[in-house]
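S.K.: Kindly generate the corresponding structure for this input.
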Amino acid sequence: MVSGFLSEFGRKVAERWATQVILPGLLFTSALAVASALGQRRWSDTGLLWRTLGEFAAVGGANQQAAGSARTVMLVIGVVAVSVAVALVARALGGPVASLLSGRWPFFVRPLARRLTARRIAAWRRHDAAYEAAREAGEDAHRLGELAALRNAVALTEPRRPTWTGDRLAAPATRVRDQYALDLTAAWPRLWLLLPDTTRQPLTDSRQGFDEAGALGGWAVLYGALGVLWWPSAVVGLGAAVVCRRRARETAEAYAELVEAAVDVHLDELLDRFDEELRPIRPGRGAAVTERFRKGI
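M.R.: Residues are numbered from 1 along each chain as shown. Sure thing, here's the model as predicted:
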């Protein structure tokens, strides 16, 4: 049983390594080879490309077959090594890309971040005021839904980040605090320990999806940089950036929704574990448990 588990685990790790590291790395290494061979002036010269590859693969005749085979082996090892190294660089760049998507921008662009956040706040407040005015005027549910959708398209809560994705990831903490007076940052590690595997797995998968979107952004950066040598690579990088942004929004939406749902469904269990009062949940209970989690800090 143990050997079967280890075999299956090894197979899954190998598949994951191949699909997320080696194959993308090989694609980029191929693009790098093409860019080096053609350059900008002859970017579409397939004849030059095939001639360059033929010259590189030539081994000098049948009497040098052994040397040619050794050269081929070394070439394959080199290509795989470069592919893995490039893939690791792309995934390392995925962290900063995810931070940018989440609105956590470095200090030298904070003035721009503040301006963008201010614009988003103004737009959100404008739509929120229209929604509140319509509700006070007794508008029908369909009209209220349209106005709420316009407001929520800017952000689910009043914006605090320069990006939609950043505000969506931060929204559960704000909504949980407003609803239950509970600090989600302090409560989440304890709540996570109480969640069943059927709840943890979708949360893990959605968070991993967001991280993979960031890794795709890392590839977008590398392909964009390669565009200095061969401009079609910049087009690939732009396409990867567009897909990265779309996937980041989708996975951030899914993750934030699941986090909030986990709190709604399992908060009773958390409060019953740390508070002796009876249900129903009241804001006072959340505040009391928050103080306990913070330990006076």
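S.K.: in the stretch 51-200 of the chain, which spans are helices?
M.R.: Remark: helices assigned in the stretch 51-200 of the chain by DSSP state H, counting those that start in this stretch are 65-101, 110-136, 141-154, 164-180, 184-194, 197-226.
S.K.: what's in contact with the fifth one?
M.R.: Among residues not part of helix 184-194, those counted as contacts by C-beta atoms under 8 Å, 6 or more residues apart in numbering are 172-173, 176-177, 200, 259, 262-263, 266-267, 269-270, 273-274, 289-290, 293-294. All C-beta atoms are positioned from the backbone trio N, CA, C, and that covers glycine.
S.K.: Buried residues of it, list them for me.
M.R.: Using 16 or more other C-beta atoms under 10 Å as the test for burial, helix 184-194 gives 184, 186-188, 191.
S.K.: Can you give the distance of that helix from its chain's centre?
M.R.: Offset of helix 184-194 from its chain centre (C-alpha atoms, centre = their mean, to the nearest Å): 22 Å.
S.K.: With the longest one instead?
M.R.: How far helix 65-101 lies from its chain's middle: 22 Å, per C-alpha atoms, centre = their mean.
S.K.: Show me what that helix is packed against.
M.R.: If contacts are counted by 3 or more C-beta pairs under 8 Å, 6 or more residues apart in numbering; DSSP states H and E, helix 65-101 sits against helix 23-38, helix 197-226, helix 231-274.
S.K.: Now do it against helix 164-180, angle only.
M.R.: Using axes from the mean of the first three to the mean of the last three C-alpha atoms, to 10 degrees, one finds that helix 65-101 and helix 164-180 are set 50 degrees apart in direction.
S.K.: Next: the second one.
M.R.: With the same axes, to 10 degrees as the basis, helix 110-136 and helix 164-180 are set at 50 degrees to each other.
S.K.: At the geometric centre of this protein, which residue sits there?
M.R.: When C-alpha atoms, centre = their mean is applied to the chain, the residue found nearest the centroid is F210 (2.7 Å).
S.K.: show me the contacts for that one.
M.R.: Here F210 is in contact with 98, 248, 251-252, 255 (C-beta under 8 Å, 6+ apart).
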